[in-house]
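Asks: here's a sequence, model it:
(one chain, ligands or ions: 2)
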Amino acid sequence: MAIVQLPKIKHVRAFTVRGGGADYHDQGAGHWIDDHIATPMSRYPEYRQSRQSFGINVLGTLVVELEAEDGTTGFAVTTGGEPAAFIVEKHLSRFLIGRSPQEYEKIWDQMYFSTQYYGRKGLVVNAISGVDLALWDLLGKLRGEPVYHMLGGAVRDELQFYATGARPDIAKEQGFIGGKLPLHHGPAEGLEGMDRNIALLADMRAKCGDDFWLMYDCWMSLDLDYATRLAHRAWHECGLKWIEEALSPDDYWGYAQLRKNAPKGLLVTTGEHEATRWGFRMLMDMECCDIIQPDVGWCGGVTELIKIANYADSRGVLMIPHGSSVYSYHFVITRHNSPFAEFLMMHPGPTEVVPMFAPQLLGEPVPRNGRIRASELDKPGFGVELNRDIALHRPYSN
Ligand SMILES: C[C@H](O)[C@H](O)[C@@H](O)[C@@H](O)C(=O)O
Ligand SMILES: [Mg+2]
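Replies: Ligands and ions are numbered 1, 2, ... in the order given. Take a look at the predicted model:
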């Protein structure tokens, strides 16, 4: 029986798009996701009300498209915009053109180590992740297989989700297993801010009842003392399930101490702004957290997430990816140490369940009653198509 040789990659294209989608912080006015959310910039009053005021949405979306010799295309979206498009077209494309998408390990190795002198984390690894996700999408479309089949198949019949957004009370009615609130006040707003953080959580606990998970997402905004005090008050007064990304991603020592300081039973989580197997090994070897939360569009893509997830599994650490739509769903459904997933509520309220990367992905599945069945992922690649009616801009070429 002849060995299947897949067509080689002929074209590499990088586009940018504005307005929601993979750069999901790039929303219009009045959206919950930009309403006085605590960040490291909250120490400056002029940057406290809106994260867009300091540039959280400055990059926009990166779309990577790979076209094979037979015309088949694979694509993916992530955060990165024009600078990431430059890296894809002017640097990474040389490791893709003329190559088979089956060589994703070697291609990843060449993309990472050729950019290590200026990359390793952040924007460069976002660009590498976007290429890697497009490679897996192309591989699935050429083989006629969903990505989750190529990752070993489903270990459960359905995905269950917690919802991130300003209305956990509505998320409970919609069938989600928990609600993660954004933290609104950081250390610069003192005890009054802390009291308001607790009052909001207490209100949601009263509305949601005792058996619904409630979490706080602190988006890197706190110091160790404030995080410790918040953890104890939120646990004892409101039954918080986990405190997420309380400190700077570089403060491994602070996370290790926070985990020691936190009340027994409260989970410490982080990782969405961490990258590669080496970054996540640091988090786990220094015992910084109970759950790692890599974003597959930012940590290195599927090829790297396999390594991260397997190391977590060997250490008994849960791996719950940061919300990244179909790119995490196809991974989570195949992993025992990923028993649930995040769904980011991108409706402005949020009062409705809408596709997370809208309007960029056609056919993007959304949870119904807080769940997505594995069978809903049964389409080639990541099972979505690029919406070509949106304003795709190609700033560079290779
Ligand atoms: C809600 C948080 O502030 C972020 O906007 C969110 O994207 C991220 O931290 C998350 O965990 O979903
Ligand atoms: Mg988070």
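
Asks: from here on, contacts and neighbour counts on C-alpha atoms
Replies: Fine.

Asks: going by residue numbers, what spans are strands in the stretch 101-250 of the chain?
Replies: 158-164, 178-182, 213-217, 242-244 (DSSP state E, counting those that start in this stretch).

Asks: could you point out the helix or strand that follows the last one?
Replies: Which is strand 242-244. Remark: after strand 242-244, the chain's next helix or strand is helix 252-261, criterion DSSP states H and E.

Asks: what is the very next helix or strand once past that following helix packed up against?
Replies: Remark: after helix 252-261, the chain's next helix or strand is strand 267-270, criterion DSSP H and E. Using 3 or more CA pairs under 8 Å, 6 or more residues apart in numbering; DSSP states H and E, the elements in contact with strand 267-270 are strand 242-244, helix 252-261, strand 291-292.

Asks: could you tell me the end-to-end distance of stretch 228-248?
Replies: 14 Å (CA to CA, to the nearest Å).

Asks: oh sorry, the question was meant for stretch 49-68
Replies: Where stretch 49-68 begins and where it ends lie 46 Å apart, using CA to CA.

Asks: state the distance from Lys172 to ligand 1.
Replies: 17 Å (CA to the nearest ligand atom, to the nearest Å).

Asks: right, I mislabeled it, should have said Ala127
Replies: 18 Å.

Asks: contact partners for that residue?
Replies: Residues in contact with Ala127 (CA atoms under 8 Å, 6 or more residues apart in numbering) are 62, 78, 80, 84-85, 87-88, 298.

Asks: how about the residue in the chain positioned nearest to ligand 1, what does it touch?
Replies: Proximity of the chain to ligand 1 (CA to the nearest ligand atom) peaks at Pro182, 4.7 Å away. Applying CA under 8 Å, 6+ apart, we find Pro182 in contact with 37-38, 164-166, 216-219.

Asks: redo those as a markdown table? Include pLDDT and neighbour count.
Replies: Converted to a markdown table, these look like this (pLDDT from 0 to 100; neighbours: other CA atoms under 10 Å):
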| residue | pLDDT | neighbour count |
| --- | --- | --- |
| Ile37 | 98 | 22 |
| Ala38 | 98 | 28 |
| Thr164 | 98 | 26 |
| Gly165 | 98 | 24 |
| Ala166 | 98 | 23 |
| Tyr216 | 99 | 24 |
| Asp217 | 99 | 22 |
| Cys218 | 99 | 24 |
| Trp219 | 99 | 22 |
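
Asks: any chance of the residues you listed in a markdown table, with distance to Gly122 too?
Replies: Listed next are the contacts of Pro182 as a markdown table, based on distance: CA to CA, whole Å:
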| residue | distance to Gly122 |
| --- | --- |
| Ile37 | 21 |
| Ala38 | 21 |
| Thr164 | 22 |
| Gly165 | 24 |
| Ala166 | 27 |
| Tyr216 | 23 |
| Asp217 | 20 |
| Cys218 | 19 |
| Trp219 | 15 |
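
Asks: for ligand 1, tell me which of the residues you listed show up nearby.
Replies: Filtering the contacts of Pro182 for proximity to ligand 1 by CA under 6 Å from any ligand atom leaves 164, 217, 219.

Asks: can I assume the first one is in contact with Gly349?
Replies: No - applying CA atoms under 8 Å as the test, Thr164 and Gly349 come out as separate, 11.7 Å apart.

Asks: if we can go back for a sec, is the residue of the chain closest to ligand 1 in a bridge, and if so with what?
Replies: Note on Pro182: beta-bridge partners by DSSP bridges are Asp217.

Asks: and the pLDDT for it?
Replies: With respect to pLDDT, Pro182 scores 99.

Asks: quick check: closest non-adjacent residue to Trp32.
Replies: Leaving aside its sequence neighbours, Trp32 sits nearest to Pro348 (CA to CA, 6 or more residues apart in numbering; 5.6 Å).

Asks: the one you found looks like it's in a helix, true?
Replies: No - under DSSP: H, G, I helix; E, B strand; the rest coil, Pro348 falls outside any helix and is assigned coil.

Asks: contacting residues around it?
Replies: Pro348 neighbours (CA under 8 Å, 6+ apart): 30-33.

Asks: make TSV out of those and add secondary structure and neighbour count.
Replies: What follows is those, written out as TSV (DSSP: H, G, I helix; E, B strand; the rest coil; neighbours: other CA atoms under 10 Å):
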residue	secondary structure	neighbour count
Gly30	coil	10
His31	coil	16
Trp32	helix	19
Ile33	helix	27
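
Asks: residues touching Gly186, list them.
Replies: 38-39, 42-43, 193-194, 221-222.

Asks: which among those end up buried?
Replies: Among the contacts of Gly186, those buried by neighbour count (16 or more other CA atoms under 10 Å) are 38-39, 42, 194, 221-222.
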